[in-house]
Every structure is written in structure tokens, then in C-alpha cells.
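J.: let me see the structure of the following:
(one chain, ligands or ions: 1)
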Amino acid sequence: MLFLVRMDVNLPVDMPAEEAASIKATEKAYSQELQKDGRWADIWRVVGEYANYSVFDVASNDELHELLSGLPLFPYMDIDVIPLAKHPSSIK
Ligand SMILES: O=C(O)CC1=CCC(=O)O1
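T.: As a prediction, the model looks like this:
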């Protein structure tokens with residue numbers, strides 16, 4: 001099952017820089033593990049925003065929820081999920 005996910009990150013302005021850097025490094029490692037195993041199929045930065053569009057390829061809604069809620073930045077994110085279905089005009 002494919003899902004388009006938008007993540008907007010809102011770190012508190014008073015979060016110490018070292019704490020923010022640590023969470024971002026943990027987030028990067030978590031994301032790259034999921035990219036390697038194919039479940040985080042794509043990630044793109046939204047130009048000019050601390051936000052990304054990602055595509056997840058997972059078995060169920062529950063699996064997606066588990067992955068998203070495990071994100072180190074999850075407490076600081078607004079997340080929108082769009083389930084994707086094959087377009088009838090797609091040639092892929
Ligand atoms: O920087 C972001 O958009 C948040 C994020 C998700 C995965 C990652 O490495 O950073």
C-alpha cells in the first residue's frame with residue numbers, strides 16, 4: 001500500500017541546539033534504515049519550508065501509523081497522510 005505523507009516540523013524555539021541536533025541525527029538514521037528496507041520509498045524537501053513529502057510503501061494503515069509514531073521528531077510534527085491508488089492512465 002502506498003501513502004503520500006507530508007511532514008511539517010515545528011521544533012520549539014527554546015529547544016537547546018544540542019538537543020535539536022541529536023533528535024535530527026536520530027531521525028536521519030531512522031529514516032535511512034526505512035529507506036534501505038524499501039518502506040520509506042521517497043523523501044523530498046518542500047522548498048523554503050521545514051517540511052517534506054514522503055512516499056511510504058507498507059502493508060497496512062497500522063504499519064504506517066507505527067512507523068510514523070516512531071519518528072524521533074513525531075512529537076514536533078504535523079503529519080498529513082494521503083492513501084494512493086493506481087491511476088487508470090498510468091503506464092507504469
Ligand atoms: O527534515 C525533515 O523533513 C524531517 C525528517 C524526516 C526524515 C528525516 O531524516 O528528516
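J.: what parts of the protein come near the ligand?
T.: Within the chain, the positions near the ligand by Cβ under 6 Å from any ligand atom are Met7, Val9, Glu27, Lys28, Ser31, Asn52, Leu73. (Each C-beta comes from the backbone N, C-alpha and C, glycine too.)
J.: again, 8 Å this time
T.: Within the chain, the positions adjacent to the ligand are 7, 9, 24, 27-28, 30-32, 40, 43, 45, 50-52, 54, 71, 73, 77 by Cβ under 8 Å from any ligand atom.
J.: which among these count as buried?
T.: 7, 9, 27, 30-31, 40, 43, 51-52, 54, 71, 73, 77 (16 or more other Cβ atoms under 10 Å).
J.: pLDDT and secondary structure added to the residues you listed, as CSV?
T.: As requested, those are exported to CSV (pLDDT from 0 to 100; DSSP: H, G, I helix; E, B strand; the rest coil):
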residue, pLDDT, secondary structure
Met7, 99, strand
Val9, 98, strand
Glu27, 98, helix
Tyr30, 98, helix
Ser31, 98, helix
Trp40, 98, strand
Ile43, 98, strand
Ala51, 98, strand
Asn52, 98, strand
Ser54, 98, strand
Leu71, 98, coil
Leu73, 98, coil
Met77, 98, strand
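J.: among these, which two are most distant?
T.: Tyr30 and Ala51 (17.5 Å; Cβ to Cβ).
J.: in contact with Pro12, which residues?
T.: Counting by Cβ atoms under 8 Å, 6 or more residues apart in numbering, Pro12 makes contact with Tyr76.
J.: and Leu64, by the same measure?
T.: The contact partners of Leu64, by Cβ under 8 Å, 6+ apart, come to Met1, Phe3, Val5, Phe56, Val58, Val81.
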